[in-house]
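dropping a prediction and its sequence here:
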Amino acid sequence: MSTAALYNDQGAAEAAVEAGQETTPTSSSSGAAFGLFSTDFKKNEDLKEMLESNKESLKLEAMKRIVQLISKGKNASELFPAIVKNVASKNIELKKLVYVYLVRYAEEQQDLALLSISTFQRALKDPNQFIRASALRVLSSIRVPIIVPIMMLAIKEAAADLSPYVRKTSAHAIQKLHSLDPDQKEQLIEVIEKLLKDKSTLVAGSVVMAFEEVCPDRIDLIHKNYRKLCNLLVDVEEWGQVVIINMLTRYARTQFTTPWKEDAVFDENNEKTFYDSDSEDKKDQTEAKPYIMDPDHRLLLRNTKPLLQSRNTAVVMAVSQLYWHLAPKHEIGIVTKSLVRLLRSHREVQFIVLQNIATMSIQRKGMFEPYLKSFYVRSTDATHIKTLKLEILTNLATEANISTILREFQTYVKSQDKAFAAATIQAIGRCATNISEVTDTCLNGLVLLLSNRDETVVAESVVVIKKLLQTQPTQHSDIIKHMAKLFDNITVPMARASILWLIGEYCERVPKIAPDLLRKMAKTFTAEEDIVKLQTVNLAAKLYLTNSKQTKLLTQYILNLGKYDQNYDIRDRTRFIRQLIVPNEKSGALSKYARRILLAAKPAPVLESAFKDRDRFQLGTLSHSLNIKASGYQELSDWPAVAPDPTVRNVEVIDPVKEWAPSLGKAKQPKSDDKFYSDEEEKGEEGSDSSSSEDSSSSTEESGSESEKESNEESEKTSTDSGKSSSDSERSSSESEAEQKKKNTKKKNKPAAADSDSVESEAKDSSSSTESSSESNSESDSDSDSPAPQKISVKAKPKVELKAKKEVSLLDLDDFSPAPTNAPKPSVISSSLLSDLKGLSLSNVSPTLQITTSSFGPEKTHELLHHMTGKGLSAKYHFPRQPCLYQPQMVAVQLILTNTLDHSLEEIHVGDRSPASLSIHCFNTIERLEPGASVTVSMGIDFSDSTQAANFHLCTKEDQFSVSIQPAVGELLMPSTMTEPDFCKEQKKLQGMNETSATIIMATA
């Protein structure tokens, strides 16, 4: 039975119990109490009498008590014969309760249930959808192979039912039938294929669960339904969302190429510099092709992102593992906040979430470093939660935060929880091995713990010190002597054995202490634990080889004691050691190599995280939690080297119907405007010289790509928003197609072939993604409209809107460019506004607007990165107050980079940006900056007309530094020259803006 089916069956039982509690008469409460909890035969007789009476009210009362009894965990199976007689009752409420009972006991009382099969078959035709669903649920609960054909027929009929609730129940029944008779798999796959096409959100989760149980390898069934499932995901019930997300994760790993390539260049950031030539561009294309994410891959990531705010922790965990396994590395950080939020939940949830965070933090420390305090241990945490938090803190330890973490560990060592204190000492040891700067500090701290009163702390400290000393024993002979002095006070066997091993391994460094320690051990040998005895024998053998004069008799004495020990391991070890170190006639050639065998240099142990090898399992699975492959686990496949054909996910669009004929007439009006607009443009081009036409075409190209991004964003919003209709997404896709056609007609004026190619590819990418989202949205809505007529009616909208933009807001920042497509278009324009704008002409644009460089004002320099913070790299920036060369809406920024070190810095470049949607035109990578040298580079930043800071990383070959540029309001304005009358004239045309006033004192000539 699936998780969703169980969930629904339990929900029905609980609802029935609540109904029974609410309507039980108070007068019979005393009798009911005895009947409910007593196993007395007579009380069940009363229930039988009530069930066999002629009154519906008594039968209903009896069934409520019985269902209540079941919910309390009592056995009511002996009432089955009396209850099954009422299965044909005409009372809907009674029939529902009977079905709840039968679902519970039909498998146990199969013979009696078989007698009522005809009744169940009749109930499958009942006008009440809940009765039909309950009958199918009971039928599928009778685990008798003889009724498999009847169950198959019932499932096929229910799969075509008008009620989505019944279709959902049929999906649950598929799994039960498959477990009963696997030979029915082919027929069940046909039903699953039919249900996968269902547009109801109620059915989606259940049918995907059936797909996962019956035929998880048949991904060809998912192709046509992929986009629909992505778009329905937000509205599916929570447990269905979990199942769908896990299935789509496996699907995506087989259909898309990896976004994790080290040399991958994402197409969103692949902007060409201003001075790039065609030949250079061709070389780059042959060397490394940019990674272009499949629109369907992006659709999945985009539509699952809102579910990170789900109230259901399983959904959040499912989305997190999806991003971990599918998203580009710079986008995985999106899930961090949501996972940290789950740590406020119950300890069972915390345990699973912390296990997954522990695995993630090994590979990507930067994800969770800002939330370090969220992993601090609380006194109320259980031991297993504390241990996991300790694991994560150790994984996140770096040179920058190690002092904070070690201070935290000092408190944990004093904990009353001995197991946790021991785990903390192990964590300190791991920090000491991972970060060499604090090794000595950790060692000294652990030595101080040797004087602790708690034996567990002392024992664990000895074990960890032993591992640390193996890394550099020559520097720490004092610590070995100190541990030997404490030997008499330590009673924990493992700690005593560790000290003996250390003394034996480095006996040449403590020649006076080692024999004395062996003498003490000879006295207490018979009373020691087995592990201590073994190390005593080893110590005796090593001392015999290095200092036989002092220890020969002691060694023989210990070997004689071990020879007759009760433990056979010790007896065997003693005999082996005697033959190895004491040569005689019988001993073979092995004794010659005794010194090389016993005193060989041992490699230092590697202290690793227990979660290091868990990344081989999919996050959030039972196998990952147990660290072993559980039954039913399906491994994630590797990314394909070449992506399979993406057209398999395309869905045929239904042809438009005749009802749309009136809308075609409405669309004819803007076509005349289109012709008028193109005539105006031709006149303008004839009057301009060749250089201005080149500028116009280049700016048109840039603005076209920007408007494409805007339309793409609009289509993304419509696909993720569940409340919007499919017509919105169709409108966005048709607008993007109209823009693409406009740009295709203007390609003749483009200055460089490489530029046109890049813009064309971007246009195709954006239009295909919007089309795919609109198609999937239109498919998910049962009343969706066909997209073809809307494309015609909306095609001319952008051009009419542009005229309105030129007339209404002449002081817009984009208007200095002569390109007509530069103005951003609003997403919705009413028909009344279109009619008002019909007579407007572009010839009214004022010629007085002349964009110039600023004629006054100091170029104030701001510090971007101090040389101390930047490890020798200093950065300052200022605003040159000139039009940006890269894109009109960007603000030009100049950076002055200085190397204050005595050696050169390499590969200085701009790294990750925040937010990720921030548009920055980065400077070219500076391959080498000599000591004391400075270089000035230019950047373009689109602040989106806001004073919000632009955050990004300034990176060198070894390091990266987080920096921020925040503009003043004045830096966002475009400088222009005009006379005072012209200014007043333009000011009158403004319909309302925020006003900022200031007094400027100018020097007179």
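Yep, that arrived. Residues are numbered from 1 along each chain as shown.

CA only for contacts and neighbour counts going forward, please
Will do.

quick check, residue 936 in a strand?
Yes. Counting by DSSP: H, G, I helix; E, B strand; the rest coil, residue 936 is found in a strand.

wait, it touches residue 893, no?
No. Using C-alpha atoms under 8 Å, residue 936 makes no contact with residue 893, being 10.4 Å away.

compare these two (neighbour count), which wins?
For residue 936 and residue 893, the more surrounded residue by other C-alpha atoms under 10 Å is residue 893, and the numbers stand at 20 against 12.

the strand or helix carrying that one: what's the following helix or strand?
For residue 893, the host element (DSSP states H and E) is strand 891-899. Once strand 891-899 ends, the next helix or strand along the chain (criterion: DSSP H and E) is strand 905-914.

for residue 100, which three-state class applies?
helix.

what's the local residue count around it?
Residue 100, neighbours per other C-alpha under 10 Å, totals 23.

distance-wise, check it relative to residue 59.
Going from residue 100 to residue 59 by C-alpha to C-alpha, to the nearest Å gives 15 Å.

per-residue confidence for the residue nearest to residue 191 when sequence neighbours are not counted?
Nearest residue to residue 191, sequence neighbours excluded (C-alpha to C-alpha, 6 or more residues apart in numbering): residue 156, at 6.6 Å. pLDDT for residue 156: 93.

where's residue 621 relative to residue 50, distance?
Taking C-alpha to C-alpha, one finds residue 621 at 48 Å from residue 50.

now swap in residue 291 and tell me
The gap separating residue 291 from residue 50 is 73 Å, by C-alpha to C-alpha.

confirm that residue 880 sits in a strand.
No. Counting by three-state DSSP, residue 880 is not part of a strand but coil.

thought residue 210 was touching residue 176?
No. Using C-alpha under 8 Å, residue 210 makes no contact with residue 176, being 9.3 Å away.

of these two, who's got more company?
Between residue 210 and residue 176, residue 210 has the larger neighbour count (other C-alpha under 10 Å), namely 26 against 23.

which helix or strand lies directly C-terminal to the one helix or strand that one maps to?
Under the criterion of DSSP H and E, residue 210 resides in helix 201-214. Next helix or strand after helix 201-214 toward the C-terminus (DSSP H and E): helix 226-232.

tell me the helix or strand right after that next one.
Using DSSP H and E, the helix or strand that follows helix 226-232 towards the C-terminus is helix 238-255.

can you give me the angle that following helix makes with helix 201-214?
Here helix 238-255 runs at an angle of 60 degrees relative to helix 201-214 (axes from the mean of the first three to the mean of the last three C-alpha atoms, to 10 degrees).

restricting to C-alpha, output helix 238-255 in PDB.
These are the backbone C-alpha positions of helix 238-255, laid out as PDB (Å, rounded to 0.1, in the frame of the first residue of the first chain):
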ATOM      1  CA  GLU A 238       2.000  17.500   0.100                       C
ATOM      2  CA  TRP A 239       2.700  13.800   0.100                       C
ATOM      3  CA  GLY A 240       2.100  13.700  -3.600                       C
ATOM      4  CA  GLN A 241       4.600  16.600  -4.000                       C
ATOM      5  CA  VAL A 242       7.300  14.500  -2.200                       C
ATOM      6  CA  VAL A 243       6.700  11.500  -4.600                       C
ATOM      7  CA  ILE A 244       6.700  13.600  -7.700                       C
ATOM      8  CA  ILE A 245       9.800  15.500  -6.800                       C
ATOM      9  CA  ASN A 246      11.800  12.300  -6.100                       C
ATOM     10  CA  MET A 247      10.600  10.800  -9.400                       C
ATOM     11  CA  LEU A 248      11.500  14.000 -11.400                       C
ATOM     12  CA  THR A 249      14.900  14.000  -9.800                       C
ATOM     13  CA  ARG A 250      15.700  10.600 -11.200                       C
ATOM     14  CA  TYR A 251      14.100  11.600 -14.500                       C
ATOM     15  CA  ALA A 252      16.200  14.800 -14.800                       C
ATOM     16  CA  ARG A 253      19.400  12.900 -14.200                       C
ATOM     17  CA  THR A 254      18.800  10.800 -17.300                       C
ATOM     18  CA  GLN A 255      17.500  13.500 -19.700                       C
END
